[in-house]
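Undergrad: need a 3D model of the following:
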Amino acid sequence: MRIVVDGMGGDNAPAEIVKGAVEAADLTEHQIIIVGDEARINRELDKYKPRRKNISVVHASEVIKSDDAPVKAVRTKQDSSMVKGISMLKSGEADLFVSAGNTGAIMAAGLFILGRIQGIDRPAIASAYPILGKGGVSLLVDSGANAECKPNNLLEFATMGSIYMEKVLNIKEPTVGLVNIGTEESKGTTVLKAAYELIAKSHLNFVGNVEARDIPKGVCDVVVCDGFVGNIILKLTEGLAWDLFKLVKQKFTAGVIPKMGALLLSGKLKELKSAFDYSEYGGAPILGIKGAVVKMHGSSNANAVKNTILKGIPYAETNVVQTIQNSVLELEEIIISE
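TA: Prediction:
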């Protein structure tokens, strides 16, 4: 397998991107291709001796920045690391593309260069959401690609998320929940009520509406919502978790006795912190386009890059894209029946 890494995407590129790629290269025999400014990337690679045989560099003279207008950047910066990397996926020179770059630009490049899977109206970002106390993750779909959705889009997200959970994370018959303001079937907006009916008619293991407070408990395997709601859930959780850890740290360092308690609990506190560390879970696959593309957090460190590469491998290997394509006929039949 050939894995293309956007060497210039994200706040910490290229240093952390290259470091993460090197760490991943030590754990897999797959070929890793870093695309970007060849001179800068080689300077970073020179820090890690000996040079890994399964890492190569492809030069790209341009960079799509975080504040670039996505569509314009993709169209005008044809020699950017992002456009060049995704084009390698299109041409068959690569099997997986990962990037910490501009989310809108990744979505635009995925749509313009790879194209949507036929029958899928809206691609979605699928983010891992940690389950408290149990380990493992739920999959939050959509977590930021589509601020407004139609009922059929939510059915698509449910289907694509279920396929990903079953093929990549090996969860048989994953449960699917629709985020709403209550668990009753009659709750929510017109869109959510219509989406409920569509998903209920599908072959999916649908458990009905779920409330946001139950998501951290692992109320279902696939959490379905529009990208506006999903992004708020994700960022609220991330912010709250880190602020709570800061508060705990303050309390445990305020005096001799608390410090002794912190020492005794240090192992468990590290486990708890790790459970909410995004870098442990890798990136978020973009489901619904004709290629395996994974979006990393914009501030990804080397650990996040390493895990995104390693956890992205089964996404490409299990042919999720083709399975989604095969499911489209059933989706169309459900939508037409309405």
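Undergrad: and the residue lying closest to Leu89 once chain neighbours are set aside, what does it touch?
TA: Sequence neighbours aside, Gly291 is the residue nearest to Leu89 in space, at 4.5 Å (criterion: C-beta to C-beta, 6 or more residues apart in numbering). Quick note: C-beta positions are derived from backbone N, CA and C, even for glycine. Neighbouring residues of Gly291 by C-beta atoms under 8 Å, 6 or more residues apart in numbering: 86, 89-90, 97, 110, 114, 321.
Undergrad: of those residues, which is the most crowded?
TA: Greatest neighbour count in these, by other C-beta atoms under 10 Å, goes to Phe97: 31 neighbours.
Undergrad: helix/strand/coil for Glu185?
TA: Per DSSP: H, G, I helix; E, B strand; the rest coil, the secondary structure class of Glu185 is coil.
Undergrad: the residue most central in space within the chain pairs with what?
TA: When the chain is reduced to its mean C-alpha position, the closest residue under C-alpha atoms, centre = their mean turns out to be Ala284, at 0.6 Å. Beta bridges link Ala284 to Lys295, judged by DSSP bridges.
Undergrad: list the buried ones in the longest helix seen in the chain?
TA: Longest helix of the chain, by residue count under DSSP state H: helix 227-252. Going by neighbour count (16 or more other C-beta atoms under 10 Å), the buried part of helix 227-252 is 227, 229-231, 233-234, 237, 241, 252.
Undergrad: can you check stretch 33-40 too?
TA: 33-37, 40.
Undergrad: try stretch 62-72
TA: In stretch 62-72, counting by 16+ other C-beta under 10 Å, buried: 62-64, 68, 70.
Undergrad: now stretch 289-304
TA: Using 16+ other C-beta under 10 Å as the test for burial, stretch 289-304 gives 289-298, 300-304.
Undergrad: can you give me the strands for the stretch 1-150 of the chain?
TA: 2-6, 31-36, 55-59, 96-99, 124-130, 137-141 (DSSP state E, counting those that start in this stretch).
Undergrad: so which of those is the most packed in?
TA: Compared across the strands of the stretch 1-150 of the chain, strand 96-99 shows the largest average neighbour count, a mean of 30 (mean count of other C-beta atoms under 10 Å).
Undergrad: what about that one, distance to the chain center?
TA: Offset of strand 96-99 from its chain centre (C-alpha atoms, centre = their mean, to the nearest Å): 11 Å.
Undergrad: ok so, going back, which of the contacts of Gly291 lies closest to Gly136?
TA: Checking these against Gly136 with C-beta to C-beta, the nearest one is Val321 at 24.2 Å.
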